[in-house]
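1. predicted model follows, preceded by the sequence.
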Number of protein chains: 2
Amino acid sequence: MDNRKKEEFAELSKALGHPNRLEIIKILVKLPSDSQCMVGNIVDKLPISQSTVSQHLKILKEAGWIEGKIDGPSVCYCLREGVFNQFTKLLQELQGNYSDINLCKRKN
Amino acid sequence: MDNRKKEEFAELSKALGHPNRLEIIKILVKLPSDSQCMVGNIVDKLPISQSTVSQHLKILKEAGWIEGKIDGPSVCYCLREGVFNQFTKLLQELQGNYSDINLCKRKN
DNA sequence: TGCTATAATCGTCAATAGACGATAAATGAT
DNA sequence: ATCATTTATCGTCTATTGACGATTATAGCA
């Protein structure tokens, strides 16, 4: 895993590393395919303010988890295509051919 | 995904969200099964001080990624058994039955 | 042209993170 | 008992994060 990938993976992981952002991802995953994913909908489902949600969305967008589509006066957010695959692949690459053989023998 | 799992997943992700910590995980994964994984070995491979490495190890340990075994005057760190499986499962649970159908139709 | 709705950005603040050197604690060797 | 080695912790510092309310920007409507 080269440096670029390491940075990419670290940023994706870091973005995932907050309960409210995980919740946002969960909301987007669970959306029926024909429904809207406006910011307001997300704000309604989280116990934090609109501006804070907007910040979290920015972090998720910059990390590559989501995309925003302007739709009239509002913005529709959605998961970026293939991002789960991307993340899973990076995780597997980190894991390599690791097996439990590598574990320290535990005596304590 | 209940709240407990969300916190657990967020902490694991957050711990992974730093290049130096990713590097530490990579070092532990790559270790030959019969070699030592002393802190000093890790310090030698990273461009940061011993105290900072120790902090990163603490974060990884508290998140559940690694374990430390005391071995004489030194400490041997290793991946916690099954942690990659745990993380992968949580990721899959987040992803649920998500498919690209949910993506916003992109026009912009 | 205003007016409303929506979301992003700004400014602020407290808390956390990430780095360092110095020190402390624990073990093993002399 | 002293000393060297190894690692954790402490104290400090700066930068970043996560939260908020207020403001700004943009689009659609009256």
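-> Great, that's in hand.
2. switch to C-alpha atoms for all contacts and neighbour counts from now on
-> Noted.
3. where does the prediction get shaky in chain A?
-> Residues of chain A meeting the criterion pLDDT under 70: A:33-34, A:100-108.
4. hmm, 50 instead?
-> A:106-108 (pLDDT under 50).
5. and chain A, which residues reach DNA strand D?
-> Within chain A, the positions near DNA strand D by CA under 7 Å from any atom of the strand are A:17-18, A:20, A:47-52, A:56, A:71-73.
6. which of the residues you listed are buried?
-> A:17-18, A:20, A:56 (16 or more other CA atoms under 10 Å in any protein chain shown).
7. nearest to DNA strand D among these?
-> Nearest to DNA strand D among those is residue A:18, at 5.4 Å by CA to the nearest atom of the strand.
8. could you report the neighbour count for the closest residue to residue A:80 other than its chain neighbours?
-> Of all residues not flanking residue A:80 in the chain, residue A:66 sits nearest, at 4.6 Å (CA to CA, 6 or more residues apart in numbering or on different chains). Using other CA atoms under 10 Å in any protein chain shown, residue A:66 is surrounded by 21 other residues.
9. ok, now which ones touch residue A:66?
-> A:57, A:60, A:77-80 (CA atoms under 8 Å, 6 or more residues apart in numbering or on different chains).
10. and stretch A:57-77, what's buried?
-> For stretch A:57-77, by 16+ other CA under 10 Å, it's A:57-61, A:63-69, A:75-77.
11. so is it next to DNA strand C?
-> Yes - on the criterion CA under 7 Å from any atom of the strand, stretch A:57-77 is in touch with DNA strand C at A:57-58, A:68, A:73-76.
12. which stretches of chain A form strands?
-> A:66-71, A:74-79 (DSSP state E).
13. and which of the residues of stretch A:57-77 next to DNA strand C is nearest to chain B?
-> Closest approach to chain B among those (CA to the nearest CA): residue A:76, at 7.4 Å.
14. distance of that closest one relative to DNA strand D?
-> Per CA to the nearest atom of the strand, to the nearest Å, residue A:76 is found 13 Å from DNA strand D.
15. if we look at stretch A:9-28, which residues are touching it?
-> With CA under 8 Å, 6+ apart, stretch A:9-28 has contacts from A:37, A:42, A:46, A:56-57, A:59-60, A:63-65, A:77-79, A:87, A:90-91, B:6-7, B:9-19, B:22, B:94-95, B:102.
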